[in-house]
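Peer 1: sharing a model that was predicted from the sequence below.
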Amino acid sequence: MNCQKASELASRQQDQPLSLSKKINLKLHLLMCEHCRNFSKNIEQLSDSMQSFLSGDDSKDQKK
Amino acid sequence: MQSNALSHVESSVMQHFNDVGFMSQLREQMIRFTQTQLRDAEIAEDIVQEALLGAVKNLKAFAGRAAFRSWVFAMLKNKMIDHIRKQGRAPATQSIDAEEFNAKGSWQQEAKPMPWQCPEAGLKQEQFMVILELCLNKLPGNQAQVFMMREFLGLACAEICTEVDITESNLHVLLYRARMNLQKCMANNWLHDDRQATLQKSIKNNLMNTIKKGR
Ligand SMILES: [Zn+2]
C-alpha cells in the first residue's frame, strides 16, 4: 500500500467501517509511515475539534 | 450441429485470446483509450478487464483480428459510458491528479503532513475554529458543503448522497479532497494571534451560513 492509498483509507475510515483486510493494511502502513500517521491524526483532530466545538467544550477554554 | 457451431465460435474467440502478443497490444490500446476519459488507472484497467471478459461471455465468431478488435472496443465504449453515467465525471477524475503525491503514490516533500499541536497541549479551541473557518472558505464549494454536512451536521453518508445527488464513491472523493486541503491549509495558517480569538463568536453563524449556501 502506498501513501496515497493509505491516506484515502484513513479519510474513508472517518465515514464508514473498513473491511478487515483494509483495516489491517492501513494499520501496518501507519506503523511504518510517519507522514500518513500525521495525516490520519490531523483529520481525526479536525473531526474531534468540530465535535467538541459543537458540544460546547470550548466554553471551558474561554473562561480561562 | 449446435454444439459444433458453438465450438467453432469458441475456437474463434480463443484463437484471439491465445495470441498473447495481439492481446497485450490490444489491452494497452484499450487502457490508453479509456484513460482519455477516466484518468484513474485502476478504474480504467477494471473497465478494460470487464470488456474483455464480455468477449468471452458473449461468444461470437469473428472473421479476424480487426473484427474482434472493433467488437471489443464497442463493448469498452458501453462500459465507459455506463461508468461515466454511474460515477459522474468531474469528481471521479479529481482524485487522480492528487498533487500531494508522486507517481509512486508517496508524499511529495512539501506536502508531507506535519503533526499539529493538540488542543490539550495549549491550543485554544477558538483559535482552531478561526483557522478552520478561514480554510473552509478556501475550499471549492462542493467540498466545503459535503465536509460540513458530514462533520458539522453529522449526517450519514447515504443521506448526504441523496441530498446532494452524488454517488457514494464521489462523496468519499470529495470528503478526501476536503480533508486533504483543510489539513494542508490548517498547517500553513496556524495562527497564535490572540486577536483572532475575538472573532470566535461569529464563527458558529458563519458555519451555519456555509451550510445553508451549499444547500
Ligand atoms: Zn504513508
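Peer 2: Thanks, I have the structure now. Numbers count the residues shown, from 1 in each chain, chains lettered A, B, ... in the order given.

Peer 1: ok, B:N102 touching B:E110?
Peer 2: No: applying CB atoms under 8 Å as the test, B:N102 and B:E110 come out as separate, 11.5 Å apart. In short, each C-beta sits where N, CA and C put it, glycine included.

Peer 1: so the two - more neighbours on which side?
Peer 2: B:N102 (15 against 8; other CB atoms under 10 Å in any protein chain shown).

Peer 1: tell me the spacing between that one and B:E151.
Peer 2: Separation of B:N102 from B:E151 (CB to CB, to the nearest Å) stands at 29 Å.

Peer 1: gap between B:V13 and chain A?
Peer 2: 34 Å (CB to the nearest CB, to the nearest Å).

Peer 1: go on, B:K104?
Peer 2: Counting by CB to the nearest CB, the gap from B:K104 to chain A is 6 Å.

Peer 1: do you know the pLDDT at that residue?
Peer 2: B:K104 is assigned 89 on the pLDDT scale.

Peer 1: neighbours of the spatially closest residue to it that is not a sequence neighbour, how many?
Peer 2: Leaving out its chain neighbours, the residue that sits closest to B:K104 by CB to CB, 6 or more residues apart in numbering or on different chains is A:N2, at 6.2 Å. A:N2 has 16 neighbouring residues, counting by other CB under 10 Å.

Peer 1: three-state assignment of whatever residue of chain B ends up closest to chain A?
Peer 2: Closest residue of chain B to chain A, CB to the nearest CB: B:G105 (3.1 Å). Under DSSP: H, G, I helix; E, B strand; the rest coil, the three-state class of B:G105 is coil.

Peer 1: who's in contact with it?
Peer 2: A:2-5 (CB atoms under 8 Å, 6 or more residues apart in numbering or on different chains).

Peer 1: again, but for A:R37
Peer 2: Applying CB under 8 Å, 6+ apart, the residues near A:R37 are A:L30.

Peer 1: just say helix, strand or coil for it.
Peer 2: A:R37 is classified as helix under three-state DSSP.

Peer 1: where does chain A dip in pLDDT?
Peer 2: A:53-64 (pLDDT under 70).

Peer 1: B:A111: neighbouring residues, count only.
Peer 2: Look at B:A111: counted by other CB under 10 Å, it has 18 neighbours.

Peer 1: now the residue lying closest to it once chain neighbours are set aside: phi and psi?
Peer 2: Closest residue to B:A111 apart from its sequence neighbours, by CB to CB, 6+ apart: B:E100 at 3.9 Å. Main-chain torsions, B:E100, degrees, to the nearest 10: phi -70, psi -20.

Peer 1: and B:Q15, how close does it get to B:M30?
Peer 2: 19 Å.
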